[in-house]
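> Quick one, structure for this:
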Amino acid sequence: MAEADISAAIDGTDGEVYKGRSLTVSVSLPRGQKAPPREKRDTKLYVGNLSFYTDVDAVRSLFEEYGEVKDCYMPSDRETGRPRGFAFVTMDPEAAMRAADETDGYEMDGRIIRVNEAQPKGYSNDGGGDSWDEGDDSWEN
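Model (predicted):
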């Protein structure tokens, strides 16, 4: 494929929406070569405690009041197809922080929603630790 054709294919598909998700298309780099630094990154928000009757359009509409919504995703249960009660909304960082501040605690479809910046899977910020005394591996005092 010619260089001009490659550039045209990338430009024509980068940023397009496919099945409700935004595509990011770029050139594959040779092994060991690092990509140039990315531009300002978008912020992904976690929206929790949603009613099972809330749909993705309602979530998108709420967050569009604060800026452009680049992506809105509501996972559904694999077996039942029902919503799982949370969503992820991707926006510009400034709009996302304003939206999080103003919508956290907002009542939507009879539920008080929780909104904060999404964390990577497996991340825990509970300050946890184990339930037993660190000096002794038993459950007894």
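
> so what does the helix or strand of the chain with the lowest mean pLDDT touch, helix or strand wise?
Here the helix or strand of the chain ranked lowest by mean pLDDT, DSSP states H and E is strand 21-22, holding a mean of 77. Contacts defined by 3 or more CB pairs under 8 Å, 6 or more residues apart in numbering; DSSP states H and E place strand 21-22 against strand 69-73. Where you see a C-beta, it was placed from the backbone N, CA and C, and this is true even at glycine.

> Give the buried residues for the helix or strand immediately after the strand it packs on in the chain.
For strand 69-73, the following helix or strand on the C-terminal side (DSSP states H and E) is strand 87-91. Burial within strand 87-91, assessed by neighbour count using 16 or more other CB atoms under 10 Å, is assigned to 87, 89, 90, 91.

> Switch these over to TSV; also include pLDDT and distance to residue 27.
Formatted as TSV, the buried residues of strand 87-91 follow (pLDDT from 0 to 100; distance: CB to CB, whole Å):
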residue	pLDDT	distance to residue 27
87	97	32
89	97	29
90	96	23
91	96	27
